[in-house]
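J.: Build me a structure from this.
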Amino acid sequence: MTAVVTGGGGFLGGAVVRLLRRRGRAVRSFTRTAYPWLDELGVEQSLGDLSDPAAVERAVAGAGVVFHVAAKAGVWGRRADYVATNVTGTENVLAACKKHGVRKLVYTSTPSVVHGGGDLEGADESAPYPKHFEADYPETKAVAEKAVLAADGPELATVALRPHLIYGPGDPHLIPRVLERARAGKLRRVGTRPVKVDVTYIDNAADAHLLAADRLDIGSPAAGKPYFISDGRPVDLWEFINAVLAEAGLPPVARAVSAWKARLAGRVLETAHRWLWLPGEPAMTRFVAGQLAASHWYDISAARRDLGYDPKVSTDEGLRRLGEALRGGGKV
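T.: You can find the predicted model right below:
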């Protein structure tokens, strides 16, 4: 049966689509706009917005499995937009799955749903949701994840994957943002102590989604559970960033700002943007300051055990492939 991928034209969604097509699967992508390269892959395109229940129903009809990858990401924007896409959109996907008898739903979540600030080192899936979030993205993703896991039952099997800091060729978010700031001379290290984080190469993240779909079924060990996904070993955040800069032919980060100053700057800039209706997003937010100043890496033993997940691409190899893309002049 058809595999439906919401956000099939995006970075991760596109990687999932390509992997499915390599398997010979029939794929339908649900996005707001059409992508010519999806046509070239033989992917059916269904257009619409996640907040539109009728559009979501049309996209999901006839699916055997749904990969709900689409989301409003980022650290700044109208709260209403985050709720409409991440919460209401996910509710619409769940309703459509139940209406059309879809058996499996693989949901793309984020480790940010359990990171309320401070260090999280080697945390597993027992880590609780925090009582307070400092950005709308992790808060709305947490609400959506809870809904997905609660929907697991005798007619629909659900699972939530939490890939951390996805990078690689074609990345439109993480790497371009780092390089843009570095080239503008605005990239600063936050804090001075060593900080370890997980990263996930794009191919590993996509592979995890298909493995989850393979292992997922009603009543299976994976049903109704979340799983952390990564390259399998944490990296020093600033060593990783400097390695990315080196691949792009840029010097390492040379200047730093204390964690408390970064957090204060985030609070001031967020307030200014809200009250003065400033365009764009703040140069720093409290959420970003907290992410850059704290360790956050996770135990992926559960994904190895229940999903058969074993990251095939090491971080060193992922950086090498990223470097080739950067030097080749193509999309990051």
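J.: Now do the same for K331: its pLDDT.
T.: You'll see K331 listed with a pLDDT of 57.
J.: for F287, that is, sorry about that
T.: 79.
J.: Would you quantify the distance from it to V5?
T.: 28 Å (C-beta to C-beta, to the nearest Å). Where you see a C-beta, it was placed from the backbone N, CA and C, and this is true even at glycine.
J.: Compare the two (neighbour count), which wins?
T.: Set F287 next to V5 and count neighbours by other C-beta atoms under 10 Å: V5 wins out with 31 against 22.
J.: which non-adjacent residue is nearest that one?
T.: F67 (4.6 Å; C-beta to C-beta, 6 or more residues apart in numbering).
J.: Are we agreed that that neighbour is in a strand?
T.: Yes - the assignment for F67 is a strand, going by DSSP: H, G, I helix; E, B strand; the rest coil.
J.: got a list of what it touches?
T.: Each residue near F67 by C-beta atoms under 8 Å, 6 or more residues apart in numbering is listed here: A3, V4, V5, T6, G13, V16, V106, T108, H209, A213.
J.: Show me what the helix or strand bottoming out on mean pLDDT in the chain is packed against.
T.: Using mean pLDDT, DSSP states H and E, helix 286-293 stands out as the lowest-scoring helix or strand of the chain, at a mean of 78. Secondary-structure packing of helix 286-293 (3 or more C-beta pairs under 8 Å, 6 or more residues apart in numbering; DSSP states H and E): strand 189-190, helix 259-276.
J.: closest one to R78 among the ones you listed?
T.: helix 259-276 (10.5 Å; C-beta to C-beta).
J.: State whether G122 is indeed within a strand.
T.: Yes - under three-state DSSP, G122 falls within a strand.
J.: What separation do you get for it and G9?
T.: Taken as C-beta to C-beta, the span from G122 to G9 is 35 Å.
J.: And the two? Which one has more around it.
T.: A direct count of neighbours by other C-beta under 10 Å for G122 and G9 places G9 higher, at 21 against 11.
J.: give me the element that one is part of.
T.: Applying DSSP states H and E as the criterion places G9 outside every helix and strand.
J.: ok now do V83, which residues does it touch?
T.: So V83 contacts D136, T140 (C-beta under 8 Å, 6+ apart).
J.: Tell me how far it lies from A184.
T.: V83 is 32 Å from A184, by C-beta to C-beta.
J.: Equivalent analysis for Y298, please.
T.: 32 Å.
J.: what about these two, which has more around it?
T.: Y298 (26 against 8).
J.: Looks like the more buried one contacts D119 (just checking).
T.: No - taking C-beta atoms under 8 Å as the definition, Y298 is not a contact partner of D119, at 11.9 Å.
J.: Show me where the stretch 201-332 of the chain has its helices.
T.: Counting by DSSP state H, counting those that start in this stretch, one finds helices in the stretch 201-332 of the chain at the ranges 202-215, 237-247, 259-276, 286-293, 301-307, 315-327.
J.: Pretty sure R181 sits against L187.
T.: Yes - at 4.2 Å, R181 counts as touching L187 under the criterion of C-beta under 8 Å.
J.: which one of those two has more residues nearby?
T.: L187 (19 against 14).
J.: residue ranges with poor pLDDT in the stretch 201-332 of the chain?
T.: 329-332 (pLDDT under 70).
J.: what's the burial count for the nearest residue in space to K99 that is not next to it in sequence?
T.: The shortest distance from K99 to any residue other than its chain neighbours is 6.5 Å, reached at E57 (C-beta to C-beta, 6+ apart). When counting by other C-beta under 10 Å, one arrives at 17 neighbours for E57.
J.: can you start the count at 2 instead of 1 from here on
T.: Okay, using 2 as the starting number, the last item reads as E58.
J.: what about E58, distance to V103?
T.: E58 is 11 Å from V103, by C-beta to C-beta.
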